[in-house]
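Asks: Provided below are the primary sequence and the corresponding predicted coordinates.
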Amino acid sequence: MEPLIIWDLEVDPEGNFVHICVEHDFTQDEIEDVVGNRRNPTVPSDSGGYPGTFGETSTGRYIFVIWEHVDDDLLTIRPIMAYEVPRPRSRNRRR
């Protein structure tokens, strides 16, 4: 089951939509591609200890999305930040 993703109003200058989609140029679909895929690795972020999920978007970008649980419901999350990161190196590289 995919998580329910909470977005603030598009007109809220302090909200996650403006911060992630307008200021950092990601679409809601890109964020949802990453956090909605349970195969993507999730780790504690370095800033604040919030969970963060790495993954590829449907547009081909590889990003890290930091998010928080909403109301202690593990299936409801609110994205806080997202940024593009380098792809991990393949573990099967030939020498």
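Replies: Nice, I can see it. Numbering: from 1, shown residues only.

Asks: make it CA atoms for all contacts and neighbour counts henceforth
Replies: Noted.

Asks: so how many other residues sit close to the closest residue to residue 87 other than its chain neighbours?
Replies: Spatial nearest neighbour of residue 87, excluding adjacent residues (Cα to Cα, 6 or more residues apart in numbering): residue 62 at 6.2 Å. Residue 62: 18 surrounding residues under other Cα atoms under 10 Å.

Asks: for residue 62, give me the pLDDT.
Replies: Residue 62 carries a pLDDT score of 98 in this model.

Asks: you'd agree it is up against residue 85?
Replies: Yes - counting by Cα atoms under 8 Å, residue 62 does reach residue 85; the two are 6.0 Å apart.

Asks: beta-bridge partners for the residue nearest to the spatial centre of the chain, please?
Replies: Centroid-nearest residue in the chain: residue 65, 2.4 Å away (criterion: Cα atoms, centre = their mean). For residue 65, the beta-bridge assignment (DSSP bridges) gives partners residue 53, residue 82.

Asks: and residue 37, that's in a strand?
Replies: No - per DSSP: H, G, I helix; E, B strand; the rest coil, residue 37 lies outside any strand segment and is coil.

Asks: not counting its neighbours along the chain, what's nearest residue 36?
Replies: Excluding its sequence neighbours, the residue lying closest to residue 36 (Cα to Cα, 6+ apart) is residue 2, at 5.4 Å.

Asks: what sits against the one you found?
Replies: By Cα atoms under 8 Å, 6 or more residues apart in numbering, the contact set of residue 2 is 36, 37, 38, 75.

Asks: what's the PyMOL line that selects buried ones from the residues you listed?
Replies: Buried residues among the contacts of residue 2 (16 or more other Cα atoms under 10 Å), as a PyMOL selection:
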select buried, resi 36+37
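
Asks: what number of residues lie near residue 15?
Replies: Count around residue 15 with other Cα under 10 Å applied: 14.

Asks: check contacts around it.
Replies: 7, 8, 9.

Asks: doesn't residue 10 make contact with residue 18?
Replies: Yes - if you go by Cα under 8 Å, residue 18 and residue 10 touch, sitting 6.2 Å apart.
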